[in-house]
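*Asks:* coordinates only, sequence not included:
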């Protein structure tokens, strides 16, 4: 009897969790009245940061890096490392750490595998990032 009661309680709690998101969702027309809220990532992986670091290395040889690229790259870094006062220096420091080397090696291999055409497109996207 106790086991059945526990299972029933667990089932009800689980089911109510599924329906709760729908019960508290805003009506479709309310979206037009709400202000935009920027959502940032909570957890950034070493692999993502390694990819950004590799792009900082390869983009200058693929495209003409200018003020637009620097602005986009700095904006990208700030989005991925919002708690760091100087994300560019923090990323350089991270790249020297032993536990970051595996992710860095993998990111370099991925960039090489992607090739110049795809990497150039990504570098150009960085130039427009946040604009």
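*Replies:* Sure, I can see it. Note that the coordinates shown come from a computational prediction; the quantities given were computed from them, not determined experimentally.
*Asks:* buried sites along the strand or helix carrying residue 50?
*Replies:* Here residue 50 sits within helix 46-62, counting by DSSP states H and E. Neighbour counts over helix 46-62 (16 or more other Cβ atoms under 10 Å) mark 46, 49, 50, 51, 52, 53, 54, 55, 56, 58, 59, 62 as buried. From N, CA and C alone the C-beta is placed, and that goes for glycine too.
*Asks:* what lies in contact with it?
*Replies:* With contacts defined as Cβ atoms under 8 Å, 6 or more residues apart in numbering, helix 46-62 is touched by 65, 69, 73, 76-77, 80-81, 91-92, 94-95, 99-100, 103-104, 106-108, 110-111, 116, 119-120, 122-123, 126.
*Asks:* counting by contacts, list what the next helix or strand after that helix packs against.
*Replies:* Remark: after helix 46-62, the chain's next helix or strand is helix 67-80, criterion DSSP H and E. Secondary-structure packing of helix 67-80 (3 or more Cβ pairs under 8 Å, 6 or more residues apart in numbering; DSSP states H and E): helix 46-62, helix 87-95, helix 101-128.
*Asks:* please repeat the previous calculation with a cut-off of 6 Å.
*Replies:* Counting contacts by 3 or more Cβ pairs under 6 Å, 6 or more residues apart in numbering; DSSP states H and E, helix 67-80 is packed against helix 87-95, helix 101-128.
*Asks:* need those in CSV (columns: mean neighbour count).
*Replies:* As requested, the helices and strands packed on helix 67-80 are exported to CSV (neighbours: other Cβ atoms under 10 Å):
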stretch, mean neighbour count
helix 87-95, 16
helix 101-128, 15
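*Asks:* could you dump the ones you listed to TSV with mean pLDDT?
*Replies:* Shown next, in TSV, are these (pLDDT from 0 to 100):
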stretch	mean pLDDT
helix 87-95	95
helix 101-128	96
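*Asks:* and residue 81, how many residues sit next to it?
*Replies:* Residue 81 has 18 neighbouring residues, counting by other Cβ atoms under 10 Å.
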